[in-house]
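>>> Just a sequence and a predicted model for now, questions to come.
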Amino acid sequence: MDGAKMKIDEVLNREMLIIGHRIKRSKFDKNSSGKYLAIQFVFVGTEDRKVVFTGSDVLIEQMERYGEEIPFVATIKKVDRYYTLS
């Protein structure tokens, strides 16, 4: 996946067009799924590709469910201790 790597806190509450994703087995055991998620996107109104990596089980589950619908516009939000797409 090409694009500038960003931290998840840098993309919170910003509208993005998700153009790709990858879910792989993680070598770290920081979440219950044992997986990590890479999301490739562009911020709405720009063309520069970006990539964000996360071990968020909620985001992984959402991308497993809706990944076939890519491309789509979404926003990553933090709700309590969890990240979610809205």
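Structure received. Numbers count the residues shown, from 1 in each chain.
>>> Touching stretch 13-31 from outside, list them.
Contacts of stretch 13-31 with the rest of the structure, by CB atoms under 8 Å, 6 or more residues apart in numbering, involve 1, 34-44, 49-50, 55-57, 60, 63-64, 67, 70-77. No exception for glycine: its C-beta is placed from N, CA and C like everyone else's.
>>> For ChimeraX, what selects the buried ones among those residues?
To isolate the buried members of these in ChimeraX, using 16 or more other CB atoms under 10 Å:
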select :35,36,37,38,39,40,41,42,50,55,56,57,60,63,67,74,76
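>>> quick one: which of the contacts of stretch 13-31 sit in helices?
Counting by DSSP state H, the part of the contacts of stretch 13-31 found in helices is D57, I60, M63, E64.
>>> I'd like to know which of the contacts of stretch 13-31 are part of strands.
Judged by DSSP state E, the contacts of stretch 13-31 include 35-43, 50, 72-77 as members of strands.
>>> Farthest pair within the residues you listed?
The most widely separated members of the ones in strands among the contacts of stretch 13-31 are K35 and F43, with 25.3 Å between them, by CB to CB.
>>> Doesn't D9 lie inside a helix?
Yes: in this structure, D9 lies within a helix as judged by DSSP: H, G, I helix; E, B strand; the rest coil.
>>> measure it to E47 for me?
Per CB to CB, to the nearest Å, D9 is found 23 Å from E47.
>>> Compare those two (neighbour count), which wins?
For D9 and E47, the more surrounded residue by other CB atoms under 10 Å is D9, and the numbers stand at 10 against 6.
>>> Next, work out how far apart that one and I76 are.
For D9, the distance to I76 under the criterion CB to CB works out to 10 Å.
>>> Which residues belonging to the helix or strand where T84 lies are considered buried?
Applying DSSP states H and E as the criterion places T84 in strand 82-85. Of the residues in strand 82-85, Y83, T84, L85 count as buried by neighbour count, 16+ other CB under 10 Å.
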